[in-house]
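Enquirer: Next come a sequence and a model predicted from it.
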There are 2 protein chains.
Amino acid sequence: MKDIAFVLYPGFTVLDLVGPLQVLSALSAFDPEYRTVVLGEDKAPVPTDTPLGVTASHTFDEVPAPHAVFLPGGGVPTMTALADEKLLGRVRSTAEHAEIVGSVCTGSLILGAAGLLHGRRATTHWMCRDLLAKFGATPVAERWVRDGKFLTGAGVSAGIDLALHLVQELAGEDVARQVQLIIEYDPQPPLGGIEWAGVDIAARRPLVDNWLRTGLAGHPKLLAELIGS
Amino acid sequence: MKDIAFVLYPGFTVLDLVGPLQVLSALSAFDPEYRTVVLGEDKAPVPTDTPLGVTASHTFDEVPAPHAVFLPGGGVPTMTALADEKLLGRVRSTAEHAEIVGSVCTGSLILGAAGLLHGRRATTHWMCRDLLAKFGATPVAERWVRDGKFLTGAGVSAGIDLALHLVQELAGEDVARQVQLIIEYDPQPPLGGIEWAGVDIAARRPLVDNWLRTGLAGHPKLLAELIGS
């Protein structure tokens, strides 16, 4: 059995997790060797960044050595998680023997804070891309980035693309197409794709700095390292 | 306050709900008049079609008259829901005064079973499209379909497109573009979009009939009405 694990922490962005969870859970129907699990400290409801609460299927102790592990991102709560030594310890030990260590959105900052991305190419939500460099990583503006065992995705909805790519890696193109059909992933953004030329990334830096100030109010040393450009 | 409500029932497809929930929760940041809520019979964890459990933010009784209500779909558990008179009663009463009654994937079949789609154009997951006609609706092969107050979406991931369309309806194009940026919805399916010409819809009908037989084993009359082409 190869477990594909998703890590819960309070206030994470729920689509970051559910996009790839839905895709990779469908993989099990084609290759029962793979099983998705959702990991938490316990199985009590965990709040998300929406009114939906979620519960883990397993504790970290129940699945100490998954085949793959994924971290979802978020806003202020993810900044708080960057100083959560208990969570970072779970991430390090879960990632240690995993063959795939992944993230969606600012989940890659948690991988960075755990010391896992030194010298790696990685991506994250477009607003926070520069922050990756603070953890020794090389920020890349791509939908998903593979560097060794690390597979990081861009913001929120990018987890669906990343996960379909992973299904293709693990089970081949035909299975990836079947999973794509199951989730009817034939995107039609009503206003088309994002026109990046018109997006002022630097203008959002004060918002990200506010997230950092709020999330890391109790951790002035880390805050000082991460804030500002 | 205009509540945008999402309905839980056991075994639903979690991305059907989380896609539009994430999009419409972001709307609140731009127009605080809107609030998303997640409705259940109680606030105990509800299983989904993945290892993730979820919890409601409110009971049905706490939010009797939302502005909008959305039903997620699923496989066998959604077929079971078609005969769940308690759930159908909740759907009818919640939908009665709502200005928008929506669904993602086979959630539209629940709207149909509740008697709400007679004479309406509607859509659902591509594998189940013909079933809509059994409820007096006209099946339409589009990403989302608006007919009066009914807004039905295609399978699973279509809920993201549908919800961005709804944000545009409710708050305008600029806000819809801002929300799209927040969730970084610039889709890049690794194998491209779905090539529908190569998809044999009729060949999947036995799978759908199996879902119906399993989900409606205790309801032979409804099963007989719905099964077969």
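Expert: Sure thing, it's come through.
Enquirer: Secondary structure class of the residue nearest to A:Ile194 when sequence neighbours are not counted, three-state.
Expert: Excluding its sequence neighbours, the residue lying closest to A:Ile194 (CB to CB, 6 or more residues apart in numbering or on different chains) is B:Asp186, at 4.0 Å. C-beta coordinates here come from the backbone N, C-alpha and C atoms, glycine included. Taken by DSSP: H, G, I helix; E, B strand; the rest coil, the conformation at B:Asp186 corresponds to coil.
Enquirer: per-residue pLDDT, B:Asp186?
Expert: B:Asp186 carries a pLDDT value of 98.
Enquirer: tally of neighbours for it?
Expert: 21 (other CB atoms under 10 Å in any protein chain shown).
Enquirer: do the same with A:His58
Expert: Neighbour tally, A:His58, other CB under 10 Å: 16.
Enquirer: What's opposite it in the beta bridge?
Expert: Going by DSSP bridges, A:His58 is paired in beta bridges with A:Leu39.
Enquirer: Kindly provide the distance from it to A:Ala113.
Expert: Distance of A:His58 to A:Ala113, computed by CB to CB, to the nearest Å: 23 Å.
Enquirer: same question, A:Lys221
Expert: Note on A:Lys221: its distance to A:Ala113, by CB to CB, is 13 Å.
Enquirer: These two: which is more packed in?
Expert: Taking neighbours as other CB under 10 Å, A:Lys221 and A:Ala113 compare with A:Ala113 leading, 23 against 9.
Enquirer: Could you double-check that that one sits in contact with A:Leu82?
Expert: Yes: between A:Ala113 and A:Leu82 there is a contact at 4.2 Å, judged by CB atoms under 8 Å.
Enquirer: what's the neighbour count on the residue lying closest to A:Ile100 once chain neighbours are set aside?
Expert: Nearest residue to A:Ile100, sequence neighbours excluded (CB to CB, 6+ apart): A:Ala68, at 3.7 Å. By other CB under 10 Å, 24 other residues sit near A:Ala68.
Enquirer: quick one: A:Ala68 and A:His97 touch, right?
Expert: No: using CB under 8 Å as the test, A:Ala68 is too far from A:His97 to be in contact (10.9 Å).
Enquirer: Could you point out the longest helix of chain A?
Expert: helix A:14-30 (DSSP state H).
Enquirer: Tell me what angle that one forms with helix B:14-30.
Expert: 170 degrees (axes from the mean of the first three to the mean of the last three CA atoms, to 10 degrees).
Enquirer: Just the buried residues of helix A:14-30, please?
Expert: A:14-27, A:30 (16 or more other CB atoms under 10 Å in any protein chain shown).
Enquirer: Now do the same for the closest residue in space to A:Gly115 that isn't next to it in sequence: its pLDDT.
Expert: In this structure, A:Gly115 finds its nearest non-sequential neighbour in A:Arg92, 7.2 Å apart by CB to CB, 6+ apart. With respect to pLDDT, A:Arg92 has a value of 98.
Enquirer: what about A:Arg92, neighbour count?
Expert: Residues near A:Arg92, counting by other CB under 10 Å: 13.
Enquirer: Help me confirm that it comes into contact with A:Ile110.
Expert: No: using CB under 8 Å, A:Arg92 makes no contact with A:Ile110, being 10.6 Å away.
Enquirer: Which positions within the host helix or strand of A:His165 qualify as buried?
Expert: Assigned by DSSP states H and E, A:His165 belongs to helix A:158-171. For helix A:158-171, the neighbour count (16+ other CB under 10 Å) marks A:158-168, A:170-171 as buried.
Enquirer: Is chain B within reach of it?
Expert: Yes: counting by CB under 8 Å from any CB of the partner chain, contacts between helix A:158-171 and chain B involve A:Ala158, A:Ile160, A:Asp161, A:Leu164, A:His165, A:Gln168.
Enquirer: so what pLDDT did the closest residue to the second one other than its chain neighbours get?
Expert: It refers to A:Ile160. Spatial nearest neighbour of A:Ile160, chain neighbours left out: A:Gly19 (4.2 Å); criterion: CB to CB, 6+ apart. Per-residue confidence (pLDDT) for A:Gly19: 98.
Enquirer: check contacts around A:Gly19.
Expert: Going by CB atoms under 8 Å, 6 or more residues apart in numbering or on different chains, A:Gly19 touches A:Val104, A:Val156, A:Ser157, A:Gly159, A:Ile160, A:Ala163, B:Leu15, B:Val18, B:Gly19.
Enquirer: show me where chain A has strands.
Expert: Secondary structure of chain A, counting by DSSP state E: strands at A:2-7, A:34-40, A:46-47, A:53-55, A:58-59, A:68-71, A:100-103, A:121-122, A:138-139, A:144-147, A:150-153.
Enquirer: what helices or strands is the fourth one leaning on?
Expert: When contacts are defined as 3 or more CB pairs under 8 Å, 6 or more residues apart in numbering or on different chains; DSSP states H and E, strand A:53-55 packs onto strand A:34-40, strand A:46-47, strand B:53-55.
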